[in-house]
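Colleague: Compute the structure for the input listed below.
(one chain, ligands or ions: 1)
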Amino acid sequence: MSVPTIALIGASGHGRRHRQHIEDLGDRVRLVALGDVQGLPGEELPVYTDHRRLLAEHKPDYVVICTPPHTHLPIALDAVHAGADLLLEKPPVLDLDAHERLSAALTATGRRCQVGFQALGSPTLPALAALGLGRLTHIAVAGAWWRPATYWTRSPWSGRRAVDGALVNPFAHALMQALAIGDVRPPWTLELERFRTRDIEVEDTAALRLTPVDGPVITVAVTLASTEFIAGDITVTGADGAAHVVYPTDRLDGVELPGRVGLLENLLSGDPLLVPLSRTAPFTALAAQIMAAPDPVPLTGVAHDDGVAIPGIADLVRTAAARHALLSEVGDLPCAS
Ligand SMILES: NC(=O)c1ccc[n+]([C@@H]2O[C@H](COP(=O)([O-])OP(=O)(O)OC[C@H]3O[C@@H](n4cnc5c(N)ncnc54)[C@H](O)[C@@H]3O)[C@@H](O)[C@H]2O)c1
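Modeller: Coordinates of the predicted model:
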């Protein structure tokens, strides 16, 4: 049997990780070409600055798309129409119209699209479902990281309105996990707070409470301006108990579980997809609402590294998650006025 072929579009940045992963798979798949608008000087494989030429000349069986989020839709449409199955990075698309267009193209072509929410391959999720927590009432996410100034200048789309932000990018995995654990989907009521400590167009600190018509209430409190680290811990509460999930260490109630399933391996296997595009519709609906919200409120803080950290923010994040509250409901943030 011939080895299936794969191409990687968006080959620097996070694309390097995909390349390494493809190479680690050995003869299960053959990397035939790379696509990147910047070109890749010195590269031995064929490189295309126009992804359509790559698709026409190589007709790869699989395409990994790791370009900036606002470029995903046209590349994904071209790739499925060229006959490829996709591993499409998160966030897959930026609004529900785009989701529907890609979904229709997948149906029309019979192609498959796995979305790069790798946390959904974590063994904690089936183990959590097996715990028997009863009807879920609350899911709370707490995350506190530090990101230096270079994080917000690393790419032209970093920190830009309608494409980036703490909730839809760095904490996207926790948000997607929470939605998936609760099988939460619209309609819902969204209460949202967005703050920023830096000169960026999006939030680096935020809280939300999502109350669906049917399903558990999700609360999220996260920041990228903390000197203390909280990974993005998820507390799941049901009628019959509670449990605690931590990614990326795959811990359920403090115990690290083996057996993470890789998204590319899952796609190549032909098994049902762990993260088909359809599973990400609630994330896209929520992300579109977040990105359309009023601009974040500027905060002051204390000098740290090359920016400012918000004093006590990790405690506030923890308290907000424990009380299913917004940040403003559990403390005072240092708003610049
Ligand atoms: N799953 C994860 O954990 C994870 C982690 C990091 C990034 N990502 C996602 O990966 C994607 C890329 O992120 P990044 O940080 O590598 O971005 P980046 O801007 O650093 O890199 C994107 C690459 O795509 C290229 N590119 C831009 N437009 C292109 C186009 N139209 N055709 C071909 N190439 C194009 C750029 O030249 C660049 O090399 C984003 O969707 C991001 O959210 C996912």
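Colleague: Which residue, neighbours along the chain excluded, lies closest to Met212?
Modeller: Check again: residue 212 is Pro, not Met. Distances taken as Cβ to Cβ, 6 or more residues apart in numbering put Trp188 closest to Pro212, at 4.1 Å, once the chain neighbours are dropped. Yep, even glycine has a C-beta here, placed from its N, CA and C like the rest.
Colleague: OK, contacts around that neighbour?
Modeller: Trp188 is in contact with Leu210, Thr211, Pro212, Val213, counting by Cβ atoms under 8 Å, 6 or more residues apart in numbering.
Colleague: Which residue, neighbours along the chain excluded, lies closest to the first one?
Modeller: This means Leu210. Ile218 (4.3 Å).
Colleague: Next: the second one.
Modeller: In space, and not counting its chain neighbours, Thr211 is closest to Thr189: 4.6 Å by Cβ to Cβ, 6+ apart.
Colleague: Check Val220 too.
Modeller: Val141 (4.3 Å).
Colleague: ok now the longest helix anywhere in the chain, how far from the chain's centre?
Modeller: As assigned by DSSP state H, the longest helix anywhere in the chain is helix 96-109. Distance of helix 96-109 from the chain centroid (Cα atoms, centre = their mean, to the nearest Å) equals 19 Å.
Colleague: just to revisit the earlier point, who's in contact with the residue nearest to Leu210?
Modeller: Shown in contact with Ile218 (Cβ under 8 Å, 6+ apart): His138, Ile139, Ala140, Val141, Ala178, Leu179, Gly182, Val184, Leu208, Arg209, Leu210.
Colleague: Put together a markdown table for the residues you listed, with distance to Arg318 on each row.
Modeller: Converted to a markdown table, those look like this (distance: Cβ to Cβ, whole Å):
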| residue | distance to Arg318 |
| --- | --- |
| His138 | 15 |
| Ile139 | 15 |
| Ala140 | 10 |
| Val141 | 11 |
| Ala178 | 16 |
| Leu179 | 21 |
| Gly182 | 20 |
| Val184 | 22 |
| Leu208 | 16 |
| Arg209 | 16 |
| Leu210 | 19 |
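Colleague: of all the residues you listed, which comes closest to Phe283?
Modeller: Closest approach to Phe283 among these (Cβ to Cβ): Leu179, at 5.8 Å.
Colleague: Residues of the stretch 151-300 of the chain that sit close to the ligand?
Modeller: Ser155, Asn169 (Cβ under 6 Å from any ligand atom).
Colleague: Now do the strands in the stretch 151-300 of the chain.
Modeller: Along the stretch 151-300 of the chain, counting by DSSP state E, counting those that start in this stretch, strands occupy 188-196, 205-212, 217-223, 225-238, 241-246, 251-252, 255-256, 297-298.
Colleague: tell me the most buried of those?
Modeller: strand 217-223 (a mean of 27; mean count of other Cβ atoms under 10 Å).
Colleague: Could you list the paired strands of that one along with their orientation?
Modeller: Using DSSP bridges, strand 217-223 pairs in its sheet with strand 136-146 (parallel), strand 205-212 (antiparallel).
Colleague: Now do the shortest one and strand 188-196, the angle between them.
Modeller: Note on geometry: by axes from the mean of the first three to the mean of the last three Cα atoms, to 10 degrees, strand 205-212 and strand 188-196 are set 180 degrees apart in direction.
Colleague: any residues touching strand 205-212, and which ones?
Modeller: 165-167, 182, 184-197, 217-225, 286, 290, 296, 299, 310, 313, 320, 324-328, 333.
Colleague: ok, stretch 64-76 near the ligand or not?
Modeller: Yes: residues of stretch 64-76 are located near the ligand by Cβ under 6 Å from any ligand atom, namely Cys66, Thr67, Pro68, Pro69, Thr71.
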